[in-house]
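K.L.:
output the structure for:
(one chain, ligands or ions: 2)
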Amino acid sequence: MTSISTQKQVERWLARRSYRSEDYPLRRLAELRRASDAAGRGGVSVVLPAREVAATIGSILDSLAALREAGVVDELVVVDAASADGTAAIAAEHGGRVVQESELLSAHGPARGKGDALWRSLVATAGEVVVFVDADTENFDDRFVRGLIGPLLEESAVAFVKGAFRRPFKLGETTVPDAGGRVTELVARPLLNLHVPELAGFRQPLAGEFAARRALLEQLPFPVGYGVEIATLIDAYRVAGLDALAQVDLGERQNRHQPLRALSAMAFAVLIAAERRVRADSLAALPDARPIAFPTADGVELRTVAVEERPPLAQVRAASGPEAAGEGRRS
Ligand SMILES: O=c1ccn([C@@H]2O[C@H](COP(=O)(O)OP(=O)(O)O[C@H]3O[C@H](CO)[C@@H](O)[C@H](O)[C@H]3O)[C@@H](O)[C@H]2O)c(=O)[nH]1
Ligand SMILES: O=C(O)[C@H](O)COP(=O)(O)O
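P.N.:
Ligands and ions are numbered 1, 2, ... in the order given. Modelled structure (predicted):
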């Protein structure tokens with residue numbers, strides 16, 4: 001953190017805009033939702049980006065059924081990355097509305113990663129509040145979604161809510177508490193502290209568990225890959241201000257760990273998305289895909305990382321007329 005005044009600003013923000021999922025049981029959310037409907041506000045869409053998540057998607061959707069039955073959530077949309085493991089069929093069996101990511105906004109070509117799936121999901125959903133949750137969480141329960149929705153239904157000044165959680169690291173039968181989140185701790189946290197210290201209060205800046213008002217999301221560019229969380233966080237702050245951002249404690253989350261080398265590529269995408277926002281020079285003009293070099297005993301392996309950014313959806317809608325607005329939506 002750079003200065004005492006920034007530290008005080010973060011502390012004040014933490015005191016004012018920290019929430020807990022247990023403060024939003026189903027009954028309370030149902031009341032908040034009724035009040036929101038009475039005020040003429042729109043609905044709530046839950047989006048699950050899904051690439052090869054057959055092992056977890058069914059139970060995740062089951063755990064969200066009560067929220068939909070209670071009318072707190074209007075739709076559960078699974079954005080499938082053409083998974084080969086049966087994800088789409090399982091999701092449909094468990095009540096999800098499945099859309100194929102590359103069939104949304106198809107004029108932009110095939111989808112290129114997680115961020116692209118989130119961006120495209122905006123045309124497949126109708127809610128005024130859009131909730132994103134990863135579909136590979138092993139210990140998922142509905143508190144993840146309850147916690148993200150609560151502050152948005154309760155506080156009209158809140159526009160963007162980020163999940164915070166403890167992250168164990170699981171290797172085989174061994175679990176080490178609080179050892180997860182390698183890219184978060186080694187890249188995202190130092191980056192934010194260095195360049196955007198006002199956001200240093202976010203415990204999990206890369207959390208795929210976040211929710212926002214559509215009006216804000218549609219003003220933001222979306223990196224197509226793993227840069228999407230750091231980018232939307234920084235941009236939401238710049239567009240809406242710190243007081244419109246909130247953090248909600250969701251308990252503990254166990255994700256599927258990727259190999260270290262895959263995390264180098266993820267870190268590269270996170271770094272590029274952040275650099276594009278903090279530097280005004282040549283990085284802004286980077287090509288759509290950048291290779292990352294992995295030196296080996298015999299040479300160098302190059303791996304391409306998609307770092308392109310999709311324009312704010314509001315711009316796409318303005319340029320292409322009303323047909324971009326409802327693509328993939330259920331009538
Ligand atoms: O091309 C992709 C890659 C992932 N996913 C889905 O996105 C979610 C999260 O992806 P995952 O590869 O499990 O991410 P993590 O390794 O857990 O990475 C963390 O850090 C990333 C970078 O910020 C975030 O995008 C993730 O949400 C966050 O969990 C899961 O449901 C995936 O199935 C896609 O839909 N398309
Ligand atoms: O958010 C992160 O840092 C990455 O998802 C890596 O998490 P892991 O170290 O728990 O696998």
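K.L.:
the helices in the protein, which residues?
P.N.:
In the chain, helices defined by DSSP state H lie at 4-17, 26-38, 54-69, 87-93, 114-121, 143-154, 182-183, 189-195, 214-217, 228-240, 260-278, 313-320, listed in chain order.
K.L.:
how far out from the middle of the chain is the fifth one?
P.N.:
In other words, helix 114-121. On the basis of C-alpha atoms, centre = their mean, to the nearest Å, helix 114-121 sits 9 Å off its chain's mean C-alpha point.
K.L.:
do it and ligand 1 meet at all?
P.N.:
Yes: counting by C-beta under 6 Å from any ligand atom, ligand 1 has neighbours in helix 114-121: Lys114, Ala117. No exception for glycine: its C-beta is placed from N, CA and C like everyone else's.
K.L.:
now the angle from that helix to helix 260-278?
P.N.:
60 degrees (axes from the mean of the first three to the mean of the last three C-alpha atoms, to 10 degrees).
K.L.:
what inclination does helix 114-121 have with respect to helix 228-240?
P.N.:
Inter-element angle recorded for helix 114-121 and helix 228-240: 50 degrees (by the same axes, to 10 degrees).
K.L.:
what sits up against helix 114-121?
P.N.:
Helix 114-121 is touched from outside by 47, 49, 51, 77, 79, 81, 99, 101, 104-105, 108, 111, 130, 132, 208, 222-228, 231, 310, 313, 328, with contacts defined as C-beta atoms under 8 Å, 6 or more residues apart in numbering.
K.L.:
near ligand 1, which of the residues you listed show up?
P.N.:
Applying C-beta under 6 Å from any ligand atom, the subset of those adjacent to ligand 1 comprises Pro49, Arg51, Ala81, Gly208, Tyr226.
K.L.:
I'd like the list of those residues that fall within strands, please.
P.N.:
Pro49 (DSSP state E).
K.L.:
what sits against the closest residue to ligand 1 within the stretch 151-300 of the chain?
P.N.:
Nearest to ligand 1, among the residues of the stretch 151-300 of the chain, is Gly208, at 2.3 Å (C-beta to the nearest ligand atom). Residues near Gly208 by C-beta under 8 Å, 6+ apart: Pro49, Lys114, Phe132, Val133, Asp134, Glu229.
K.L.:
can we see that at 10 Å?
P.N.:
By C-beta atoms under 10 Å, 6 or more residues apart in numbering, the contact list for Gly208 reads 48-49, 114, 118, 132-137, 163, 226, 228-229, 253, 255.
K.L.:
picking that back up, identify whichever of the helices of the chain lies nearest to ligand 2.
P.N.:
Taking the helices of the chain one by one with C-beta to the nearest ligand atom, helix 182-183 is closest: 3.4 Å.
K.L.:
do the closest one and ligand 2 meet?
P.N.:
Yes: using C-beta under 6 Å from any ligand atom, helix 182-183 reaches ligand 2 at Arg182, Val183.
K.L.:
so what touches that helix?
P.N.:
167, 169, 189, 206, 226, 230, 257-258, 260, 262-271.
K.L.:
and if you look at stretch 10-17?
P.N.:
Outside stretch 10-17, the residues touching it (C-beta under 10 Å, 6+ apart) are 1, 151, 155, 157-158, 161, 197-203, 242-248.
K.L.:
of those, which are in range of ligand 1?
P.N.:
Okay, of those, nothing touches ligand 1 (C-beta under 6 Å from any ligand atom).
K.L.:
centroid residue for this protein?
P.N.:
Taking C-alpha atoms, centre = their mean as the criterion, Gly208 is the residue nearest the geometric centre of the chain, at 3.6 Å.
K.L.:
now do the contacts for the closest residue in space to Asp80 that isn't next to it in sequence.
P.N.:
Nearest non-adjacent residue to Asp80, counting by C-beta to C-beta, 6 or more residues apart in numbering: Ala88, 4.7 Å away. Taking C-beta under 10 Å, 6+ apart, we find Ala88 in contact with Ala50, Ala54, Ile57, Val78, Asp80, Ala81, Ala82, Gly96, Val98, Val99, Gln100.
K.L.:
could you pick out the buried ones from those?
P.N.:
When those are checked for burial by 16 or more other C-beta atoms under 10 Å, the buried set is Ala50, Ala54, Ile57, Val78, Asp80, Ala81, Gly96, Val98, Val99, Gln100.
K.L.:
which members of those residues are the farthest-apart pair?
P.N.:
Spatial extent of these (C-beta to C-beta) is set by the pair Ala54 and Val99 at 17.0 Å.
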